[in-house]
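Enquirer: Give me the fold of what follows.
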Amino acid sequence: MPSQQQAPQSPLIHLVDDDEAVRLGLSMLIGTVGLRVAGWPDAQSFLQGMDRQAIGAIVLDVRMPGLGGLALLDELRAQGIDQPVIMLTGHGTVELCRRAFKSGAAEFLEKPVNDEQLLEALQNAVRQHVRARERDVVDRSARERYAQLSPREREVVGLIVEGLTNKEIGRALQLSPRTVENHRASLFAKLEAESLAQLIRRYAALAATD
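Expert: Numbering: from 1, shown residues only. Predicted structure coming up:
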């Protein structure tokens, strides 16, 4: 009997608000667009129980007993949690908004929140998170491949990124043209780069900090 592949779960929205009625109402709203919701009454329970690996977003109320929304936002960033955060408040001020964005919030909305505005912000946040995770996979793979290069190959790729020709690289490293070609072919294979543009785009930062 053929094995069945499990369908990927829909994105997960963490909703942190001490008002149970708000949590229930927003959970029902968010569920209408196919997003899963996990509701939390306070920052402490959320930090202990959240799924940090799930694709999704976090909705935080600014004013909560104990650790408030802005302090929780700072804690999330300090812990390296990468889900985009949408802040909600019933008492919005320019200063609160400024502090939220400075701390890395993706959006800042006032209560009573407009349904369409919240859903649009959540869907944008989920798309942002998907792209960020995809970039992270590419970056991690690039670092792993770069680590396979020999010290000499790293010198060569650094000079390639700087725009030097094979002859110029040979003179800079006191290598023969044939040796430079061999290093170049080897590093392109190890890095799985299909073009010079791809190599520069993926490895410029790594070469610069090596």
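
Enquirer: which other helices and strands contact whichever helix in the chain runs longest?
Expert: In the chain, taking DSSP state H as the definition, the longest helix is helix 115-146. Contacts defined by 3 or more Cβ pairs under 8 Å, 6 or more residues apart in numbering; DSSP states H and E place helix 115-146 against helix 20-31, strand 56-61, strand 85-89, strand 107-110, helix 177-191, helix 196-209. All C-beta atoms are positioned from the backbone trio N, CA, C, and that covers glycine.

Enquirer: can you tell me the average pLDDT over it?
Expert: Mean per-residue pLDDT for helix 115-146: 91.

Enquirer: Any buried residues in stretch 188-198, and which?
Expert: Residues F188, K190, L191, A193 are the ones in stretch 188-198 that count as buried (16 or more other Cβ atoms under 10 Å).

Enquirer: ok, which pair from those residues is furthest apart?
Expert: Using Cβ to Cβ, the buried residues of stretch 188-198 reach their maximum pairwise distance at K190 and A193, which is 8.9 Å.

Enquirer: What is the burial count for A100?
Expert: A100 is flanked by 23 other residues according to other Cβ atoms under 10 Å.

Enquirer: for L26, that is, sorry about that
Expert: Neighbours of L26 (other Cβ under 10 Å): 22.

Enquirer: from what I can see it touches V59, true?
Expert: Yes - here L26 lies in contact with V59, judged by Cβ atoms under 8 Å, at a distance of 7.1 Å.

Enquirer: Give me the common contacts of these two.
Expert: L15, D17, L118 (Cβ atoms under 8 Å, 6 or more residues apart in numbering).

Enquirer: Who is the residue nearest to the second one when sequence neighbours are not counted paired with across the strands?
Expert: Nearest residue to D17 in three dimensions, chain neighbours excluded: D61, at 4.1 Å (Cβ to Cβ, 6 or more residues apart in numbering). Under the criterion DSSP bridges, D61 forms beta bridges with L88.

Enquirer: who's in contact with D61?
Expert: V16, D17, D18, D19, V22, G69, L88, T89.

Enquirer: Quick one: those residues as a markdown table, columns for pLDDT and distance to K111 too.
Expert: As requested, the contacts of D61 are exported to a markdown table (pLDDT from 0 to 100; distance: Cβ to Cβ, whole Å):
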| residue | pLDDT | distance to K111 |
| --- | --- | --- |
| V16 | 96 | 14 |
| D17 | 95 | 10 |
| D18 | 94 | 13 |
| D19 | 93 | 10 |
| V22 | 93 | 8 |
| G69 | 92 | 12 |
| L88 | 93 | 6 |
| T89 | 90 | 6 |
